[in-house]
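[1] Would you be able to build a 3D model of this:
(2 chains)
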Amino acid sequence: MSKGFPETRTDAAMSELVPEPRPKPAVPMKPVSINSNLLGYIGIDTIIEQMRKKTMKTGFDFNIMVVGQSGLGKSTLVNTLFKSQVSRKAASWNREEKIPKTVEIKAIGHVIEEGGVKMKLTVIDTPGFGDQINNENCWEPIEKYINEQYEKFLKEEVNIARKKRIPDTRVHCCLYFISPTGHSLRPLDLEFMKHLSKVVNIIPVIAKADTMTLEEKTEFKQRVRKELEVNGIEFYPQKEFDEDLEDKTENDKIRQESMPFAVVGSDKEYQVNGKRLLGRKTPWGIIEVENLNHCEFALLRDFVIRTHLQDLKEVTHNIHYETYRAKRLNDNGGLPPGEGLLGTVLPPVPASPCPTAE
Amino acid sequence: MATTDIARQVGEDCRTLPLAGHVGFDSLPDQLVNKSVNQGFCFNILCVGETGLGKSTLMDTLFNTKFEVEPTTHTQPGVHLQSNTYDLQESNVGLKLTIVSTVGFGDQINKEDSYKPIVEFIDAQFEAYLQEELKIRRVLHTYHDTRIHVCLYFIAPTGHSLKSLDLVTMKKLDSKVNIIPIIAKSDAISKSELTKFKIKITSELVSNGVQIYQFPTDDESVAEINGTMNAHLPFAVVGSTEELKIGNKMMKARQYPWGTVQVENEAHCDFVKLREMLIRVNMEDLREQTHTRHYELYRRCKLEEMGFKDTDPDSKPFSLQETYEAKRNEFLGELQKKEEEMRQMFVQRVKEKEAELKEAEKELHEKFDRLKKLHQEEKKKLEDKKKTLDDEINAFKQKKAAAELLQSQGSQAGGSQTLKRDKEKKNNPWLCTE
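    Model prediction:
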């Protein structure tokens, strides 16, 4: 019902300001396709190079959030993924420090550079998740944080005088750590993923996978996949956003065979067969983190960083952010900027999660 | 390297981390580029110039194809724009190229309003994009961008200076689009005249404050070439799609009795430079400038016009929501008013119709009454007539009776014959009356 309104409203307001130009080829006619008529090289394909140069100059932002109960190895995994001390490990906390009473959100930013590409990486940690006795609604602070980032971006986008490049703090990817019980998902896991898969890209990850044998691993993964499907949880890569057949086959393979990735993280190096490799040393052997026979860390890393990084950002921008924006602009009644309060106080964000686009 | 945008965003909470191994995100530009290639690119060129300056030919030469546009006559009553879209493909890159040409520019006697259709067209493209951006449900990533990325302004090769029409038009367009001035049909000017002409043009542009597009010089890899090219503006070009054999190669050229002008020879004209700059080096920059500078300027002006502000008098930020809401309520109110109006009009019409019908009904009744009256009168008349007739009959009967009585009195003395006769008469009373 509100579909027609914004368009016609702005039309009505603007029609007297912008007179109809004489013929209005704003919607071009069906384009004539000229393919094999090109005699000689024009140079259109240099635009790829031009674009690449520009993006390398501006750099990239990437925000990754890790969620899971404490002790599942979240910080270690992030350090292993980005091969540097990105997260402060909880083990380095003072023993006397209290366990946080509620879920806290800690975002730490770093700038990393590789091959001329500069990336601002922000790791958002959620200490306290699932650690209390009563864990009801412990996903709410997280959801609130994610929506706050969308809100920030929306505010910037809606400004009259906009910045040339809006700083992107939206969460592009959320790694959810599943405890390797070997049985099935916990109710907390299901609840969290159900609520958050609609606002952010969730990648479920089985933590500390070195506690399971190969058969246990395969069975557990199957069970987890089934449970996720039964509960209607769409994790990344979502089926509905597959753009073409190629994407679909590639993503299907990942969805049905590899996910959730069973990973082992480590930031210590050991000598194995004359090479120094990241691994975990146990009395019965050294678990090599980057060995595909030992664990699926390499798959996760390739998936998140080497092939789907840009796609994660794009899905966040084109789909999750747009859903948030549409809902926000639709509920125009939901937000009075408070009298006397500056916009820094968060206006009441709808308590219930944004429904998927109607 | 330290002046990149990322470095600027680094605050106290952001430190640069050294990497202990190959992570792999250096493939990120490739990922981005691949996605863009899948989506395809679009590029929109606007050619402004008088009729007959060789705009279509130049486009054909630039893109090595025949774009099949008929040459226009000089008799157009006003300026209008003609737009054509083409899908070009080279290796794996697909480009949606839109070429917009002015038709009838400079042909009228009164050229005061010639620039207006062009400005309106450019604004309309910005408007379309702005509307899409303001929608609640929008699909910006698949939106076909029709905003003009570059405007090639064709200058007639008079050899003297810019025409006032050119100056006025360029002044109006410089804040809305990237302008690259070109001297068309430059084989009509000799080399020495050309340098003088170029200097004159640049000085006139500067003195009139016209901002033409400067090729960007902030990226080291292209800074040098762009810098030298900036000095060669405006480019003097010659366009031709005919190929002639020169030496042992086929080249695009124009043949004259006194020699041949080779299009791709840098000593003959600046066509190669134009192609380099436009397509091979700065296409992406042109698109970016259009989006970040010209479009943002348009958007800012437009939104301010519409009444949106960034901060209220009480410096409450984000009043967009309120203004949106206010506008929405206003619109709803208008809608309701219109509805009311329509309803009232409807009711009124119904009333009128009803009144009309009542009138008609009344008329019908009257007519009926009249007819009835007429009918009754007729009836009465007839009855009267009948009555008179009856009276006459009665009178006649009486007369007859009286006559018979007389006769019978008379004939009693007379005899029975008369009685017979009388009887006959009596039996045939009609005999007498007929």
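
[2] for the residue nearest the centre of chain A, what are its contacts?
    With distances taken as C-alpha atoms, centre = their mean, A:C173 lies nearest the centre of chain A, 1.5 Å away. Taking C-beta atoms under 8 Å, 6 or more residues apart in numbering or on different chains, we find A:C173 in contact with A:62-65, A:200-201, A:203, A:236, A:304, A:312, A:316. For every residue, glycine as well, the C-beta is placed using N, CA and C.

[3] which helix is the longest one in chain B?
    Criterion DSSP state H: the longest helix present in chain B is helix B:320-414.

[4] now that one, how far from the centre of its chain.
    Remark: helix B:320-414 is offset 58 Å from the chain centroid, using C-alpha atoms, centre = their mean, to the nearest Å.

[5] What average pLDDT does that helix get?
    For helix B:320-414, the mean per-residue pLDDT is 89.

[6] what does stretch A:47-65 give?
    Across stretch A:47-65, pLDDT averages out at 85.

[7] buried residues in it?
    Residues A:47-48, A:50-57, A:59-65 are the ones in stretch A:47-65 that count as buried (16 or more other C-beta atoms under 10 Å in any protein chain shown).

[8] List the contacts of A:F62.
    Counting by C-beta under 8 Å, 6+ apart, A:F62 makes contact with A:119-122, A:172-173, A:309, A:313, B:25.

[9] Quick one: name whatever helix or strand follows whichever strand or helix holds it.
    A:F62 belongs to strand A:60-67 when elements are defined using DSSP states H and E. Remark: after strand A:60-67, the chain's next helix or strand is helix A:74-81, criterion DSSP H and E.

[10] okay, that next one in CSV with CA atoms only?
    Taking Å, rounded to 0.1, in the frame of the first residue of the first chain, the C-alpha atoms of helix A:74-81 are listed here in CSV:
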residue,chain,number,x,y,z
LYS,A,74,36.8,-17.2,18.8
SER,A,75,39.7,-14.9,19.3
THR,A,76,42.2,-17.6,18.3
LEU,A,77,40.3,-18.3,15.1
VAL,A,78,40.2,-14.6,14.1
ASN,A,79,43.9,-14.3,14.7
THR,A,80,44.5,-17.3,12.6
LEU,A,81,42.3,-16.1,9.8
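
[11] same for that helix, what does it pack against?
    Contacts defined by 3 or more C-beta pairs under 8 Å, 6 or more residues apart in numbering or on different chains; DSSP states H and E place helix A:74-81 against strand A:60-67, strand A:117-125, strand A:173-178, helix A:297-301.

[12] Give me the neighbour count for residue 231.
    Looking at chain A here, since you left the chain open. Residues lying near A:N231 (other C-beta atoms under 10 Å in any protein chain shown) number 14.

[13] try chain B instead
    For B:A231, the count of nearby residues is 8 (other C-beta under 10 Å).

[14] Let me know the secondary structure of it.
    Three-state assignment for B:A231 (DSSP: H, G, I helix; E, B strand; the rest coil): helix.

[15] Stretch B:140-160 and chain A, any residue contact?
    Yes. Stretch B:140-160 reaches chain A (C-beta under 8 Å from any C-beta of the partner chain) through B:140-141, B:144, B:146.

[16] Sort out which residues of that stretch are buried, please.
    For stretch B:140-160, the buried set under the neighbour-count rule, 16+ other C-beta under 10 Å, comprises B:144-157.

[17] can you put those in JSON lines and add pLDDT and secondary structure?
    What follows is the buried residues of stretch B:140-160, written out as JSON lines (pLDDT from 0 to 100; DSSP: H, G, I helix; E, B strand; the rest coil):
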{"residue": "B:H144", "pLDDT": "83", "secondary structure": "coil"}
{"residue": "B:D145", "pLDDT": "85", "secondary structure": "coil"}
{"residue": "B:T146", "pLDDT": "87", "secondary structure": "coil"}
{"residue": "B:R147", "pLDDT": "90", "secondary structure": "coil"}
{"residue": "B:I148", "pLDDT": "91", "secondary structure": "coil"}
{"residue": "B:H149", "pLDDT": "91", "secondary structure": "coil"}
{"residue": "B:V150", "pLDDT": "91", "secondary structure": "strand"}
{"residue": "B:C151", "pLDDT": "91", "secondary structure": "strand"}
{"residue": "B:L152", "pLDDT": "91", "secondary structure": "strand"}
{"residue": "B:Y153", "pLDDT": "91", "secondary structure": "strand"}
{"residue": "B:F154", "pLDDT": "91", "secondary structure": "strand"}
{"residue": "B:I155", "pLDDT": "90", "secondary structure": "strand"}
{"residue": "B:A156", "pLDDT": "89", "secondary structure": "coil"}
{"residue": "B:P157", "pLDDT": "87", "secondary structure": "coil"}
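
[18] tell me which element the residue most central in space within chain B is part of?
    For chain B, B:A124 is the residue whose C-alpha lies nearest the centre (C-alpha atoms, centre = their mean; 9.4 Å). B:A124 belongs to helix B:115-134 when assigned by DSSP H and E.

[19] Distance from that helix to the middle of the chain?
    Using C-alpha atoms, centre = their mean, the offset of helix B:115-134 from its chain centre is 11 Å.

[20] Output it in CSV with nothing but the alpha carbons.
    Output in CSV follows, covering the C-alpha atoms of helix B:115-134 (Å, rounded to 0.1, in the frame of the first residue of the first chain):
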residue,chain,number,x,y,z
TYR,B,115,20.8,25.7,-23.9
LYS,B,116,17.6,25.1,-21.9
PRO,B,117,16.6,21.6,-23.4
ILE,B,118,20.1,20.4,-22.7
VAL,B,119,20.1,21.5,-19.1
GLU,B,120,16.7,20.1,-18.6
PHE,B,121,17.7,16.8,-20.0
ILE,B,122,20.7,16.5,-17.8
ASP,B,123,18.6,17.5,-14.8
ALA,B,124,16.0,14.9,-15.7
GLN,B,125,18.6,12.2,-15.6
PHE,B,126,19.8,13.3,-12.2
GLU,B,127,16.2,13.5,-11.1
ALA,B,128,15.4,10.0,-12.2
TYR,B,129,18.4,8.7,-10.2
LEU,B,130,17.5,10.8,-7.2
GLN,B,131,14.0,9.5,-7.2
GLU,B,132,15.2,6.0,-7.4
GLU,B,133,17.5,6.7,-4.5
LEU,B,134,14.8,8.2,-2.4
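
[21] Ramachandran angles for B:D87?
    Reported as degrees, to the nearest 10, the phi and psi values for B:D87 are phi -100, psi 110.

[22] what do you get for the one 3 residues further on?
    Here the main-chain torsion angles of B:E90 (degrees, to the nearest 10) amount to phi -140, psi 130.

[23] Could you tell me how many residues sit around it?
    Counted with other C-beta under 10 Å, B:E90 comes out at 18.

[24] Any idea how many residues pack against residue 216?
    You didn't say which chain, so I picked chain A. Applying other C-beta under 10 Å, we find 14 residues neighbouring A:E216.

[25] Let me rephrase: I mean chain B.
    B:P216 has 17 neighbouring residues, counting by other C-beta under 10 Å.

[26] Spell out the secondary structure type for it.
    coil.

[27] Just give the nearest non-adjacent residue to it, would you?
    B:D285 (5.3 Å; C-beta to C-beta, 6 or more residues apart in numbering or on different chains).

[28] ok but A:Q271 is inside a helix, no?
    No. Per three-state DSSP, A:Q271 lies outside any helix segment and is strand.

[29] Spit out the contact partners of the spatially closest residue to it that is not a sequence neighbour.
    Of all residues not flanking A:Q271 in the chain, A:L277 sits nearest, at 8.0 Å (C-beta to C-beta, 6+ apart). Contact analysis of A:L277 by C-beta under 8 Å, 6+ apart lists A:269-271, A:286, A:288-291.
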